[in-house]
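> here are the coordinates; sequence isn't available:
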């Protein structure tokens, strides 16, 4: 399967572009930006799914969230 590409023009902060080019080189910039956009698209989909779960089932109780944080992140993270 051959991927289709579209050429676009975007304006980005120069220091950000410089930092990314240092990491991936100028020829890797398009791939990096595409991956970042796909990542953000996925995050938005997860946020939407979580919001829908809250609408359907109500939010997770605070005490349960604290316990999950304590187990997942450690006792020091339970209050954040």
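Thanks, I have it. Not measured: the values here are computed from a predicted model.
> pull the helix or strand with minimum mean pLDDT from the chain.
Within the chain, judged by mean pLDDT, DSSP states H and E, the helix or strand with the poorest mean is helix 62-73; its value is a mean of 94.
> Any buried residues in that helix, and which?
Counting neighbours by 16 or more other CB atoms under 10 Å, one finds that the buried residues in helix 62-73 are residue 69. The C-beta positions use only the backbone N, C-alpha and C, and glycine is treated the same way.
> what does stretch 24-35 give?
Within stretch 24-35, judged by 16+ other CB under 10 Å, the buried ones are residue 33.
> next one: it to chain centre, how far?
In terms of CA atoms, centre = their mean, to the nearest Å, the gap separating the centre of stretch 24-35 from the centre of its chain is 17 Å.
> and if you look at stretch 5-18?
For stretch 5-18, the distance to the chain centre is 19 Å (CA atoms, centre = their mean).
> And the contacts of it?
29, 33 (CB atoms under 8 Å, 6 or more residues apart in numbering).
> Could you tell me the end-to-end distance of it?
For stretch 5-18, the first-to-last residue distance is 24 Å (CA to CA, to the nearest Å).
> now the strands: where do they sit in the protein?
Remark: no strands are assigned in the chain by DSSP state E.
> for this protein, longest helix please?
Counting by DSSP state H, the longest helix found in the chain is helix 29-57.
> pLDDT (mean, whole number) over that one?
The average pLDDT within helix 29-57 is 97.
> For that helix, enumerate the helices and strands it packs against.
Here helix 29-57 touches helix 14-24, going by 3 or more CB pairs under 8 Å, 6 or more residues apart in numbering; DSSP states H and E.
> List the buried residues for the helix it packs on?
Under the neighbour-count criterion of 16+ other CB under 10 Å, helix 14-24 has residue 20 buried.
> now do stretch 46-60
Within stretch 46-60, judged by 16+ other CB under 10 Å, no residue is buried.
> list the contacts for the residue nearest to residue 21 when sequence neighbours are not counted?
Spatially, and ignoring its direct neighbours in sequence, residue 21 is nearest to residue 29 (6.1 Å; CB to CB, 6 or more residues apart in numbering). Listed by CB under 8 Å, 6+ apart, the contact partners of residue 29 are 17, 20, 21.
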